[in-house]
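[1] Sequence and computational prediction follow.
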Amino acid sequence: MCNIMRIRLVILFGLMYFLPGRLQAQTTFTFNYDSSGNRTERCFIPMRKSAQISDITGATGTQEQKEEIREKIGKNEIRIYPNPTGGFLHIEIPGEKENNISIRLYDMKGRTIKEMQVTDENILLDLNSLPAGIYILSIMVGEKRKDWKILKD
């Protein structure tokens, strides 16, 4: 009986020690406010797991790990990379555009940083002028909207 209790305690303490570092919340809420300070919108942003891709960069041939996001909104496949980014974020929306497509970038306070209508399949979003931090990229296709967390180094 005593050995069973010891085993349970070891397992319990092991889980308490190892799991918290491995599990991280990936859901974010953003809020929009009017000029009077009243909350007008609450956005729930479920963060999706990104795919790992490798890229050979530089003359030394070092391998750099990047994150790539692949998502579908309606009939449009969207590819966003690299995440985290050092300054330029590539957004690819290949194929025929089914509706008006717009892109917005928000800071974590909900302020719109950049806004544009998509007219091309390949978009290069320049984030060099922005400070390092976390931003929310929002892409709207017609009435459908998806959001992603973008990290700028």
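    Received it, and whenever you're ready, just let me know what you need.
[2] Only C-alpha atoms from now on, for both contacts and neighbour counts.
    Will do.
[3] where do the strands sit along this protein?
    Taking DSSP state E as the criterion, the chain carries its strands at 27-33, 39-46, 51-57, 62-73, 76-81, 88-92, 101-106, 112-117, 122-126, 133-141, 144-152.
[4] Touching, Lys149 and Ser138? I think so.
    No. Judged on C-alpha atoms under 8 Å, Lys149 makes no contact with Ser138 at a distance of 9.0 Å.
[5] between those two, which one's more packed in?
    Neighbour count, other C-alpha atoms under 10 Å: between Lys149 and Ser138, Lys149 has more, with 23 against 17.
[6] any weak-confidence spans in the chain?
    1-2, 9, 12-30, 43-66, 96-99 (pLDDT under 70).
[7] And Leu151, how far from Ser129?
    To Ser129, Leu151 is 14 Å away according to C-alpha to C-alpha, to the nearest Å.
[8] is it possible to export the strands of the chain to TSV including distance to Arg8?
    Below are the strands of the chain laid out as TSV (distance: least, C-alpha to C-alpha, whole Å):
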stretch	distance to Arg8
strand 27-33	32
strand 39-46	34
strand 51-57	36
strand 62-73	38
strand 76-81	44
strand 88-92	48
strand 101-106	47
strand 112-117	51
strand 122-126	52
strand 133-141	40
strand 144-152	39
